[in-house]
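*Asks:* How does the following fold in three dimensions:
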Amino acid sequence: MPVFKLLILVGSIIAVNNCFSQEHAHPITNKREVSFIENKGQWPNPILFKSKIQAGNIWVQQHKLLFHLQDYSRLNELHLKPQDAEEIIYGKQLLVHLNFPSSNSVEIIEKQNKTESYYNYFIGADKSKW
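*Replies:* The predicted structure follows:
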């Protein structure tokens, strides 16, 4: 049964990313690729990985997938007509938790296909370490 739950988890990630993700094309094969950013201390500890999707973000945790869906349509409209901009722009958001409470804990993570992209983060309040 745990293998089945893992397959559902992986299938869910792939399906959502295929529908919504902002994949990038592989430089040689020109195929779309989905990338996940590893948590190296830039987010709270429960988070293992994050993937940017067109509708927001997917956060991967132990026993959980968190979908943070955001509607940026009004903001995009205002980029085309900045003269119509309001003082405050509120976007619609939805947070969806997919919990897998009886699933096995991930002990070893095998990372493959390292991308050429990199991200910089400010970690901590000590500005001398920035």
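
*Asks:* so how far is G56 from the closest residue to K64 other than its chain neighbours?
*Replies:* Distance criterion C-beta to C-beta, 6 or more residues apart in numbering; nearest residue to K64, sequence neighbours excluded, is N99 at 5.3 Å. No exception for glycine: its C-beta is placed from N, CA and C like everyone else's. N99 sits 18 Å away from G56 when distances are taken as C-beta to C-beta, to the nearest Å.

*Asks:* okay, the two: which has more neighbours?
*Replies:* More crowded of N99 and G56, by other C-beta atoms under 10 Å: G56, with 19 against 11.

*Asks:* what stretches of this protein score poorly on pLDDT?
*Replies:* For the chain, the stretches flagged by pLDDT under 70 are 1-33, 82-90, 130.

*Asks:* what about the strands in it?
*Replies:* Taking DSSP state E as the criterion, the chain carries its strands at 24-25, 32-33, 37-38, 47-53, 56-61, 64-71, 92-99.

*Asks:* Dump the ones you listed to TSV, plus distance to H79.
*Replies:* What follows is these, written out as TSV (distance: least, C-beta to C-beta, whole Å):
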stretch	distance to H79
strand 24-25	22
strand 32-33	25
strand 37-38	25
strand 47-53	19
strand 56-61	18
strand 64-71	15
strand 92-99	17
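
*Asks:* right, and those - which one's nearest A125?
*Replies:* A125 sits nearest to strand 47-53 of all these, at 19.8 Å, using C-beta to C-beta.

*Asks:* Could you tell me the angle between that closest one and strand 56-61?
*Replies:* 160 degrees (axes from the mean of the first three to the mean of the last three C-alpha atoms, to 10 degrees).
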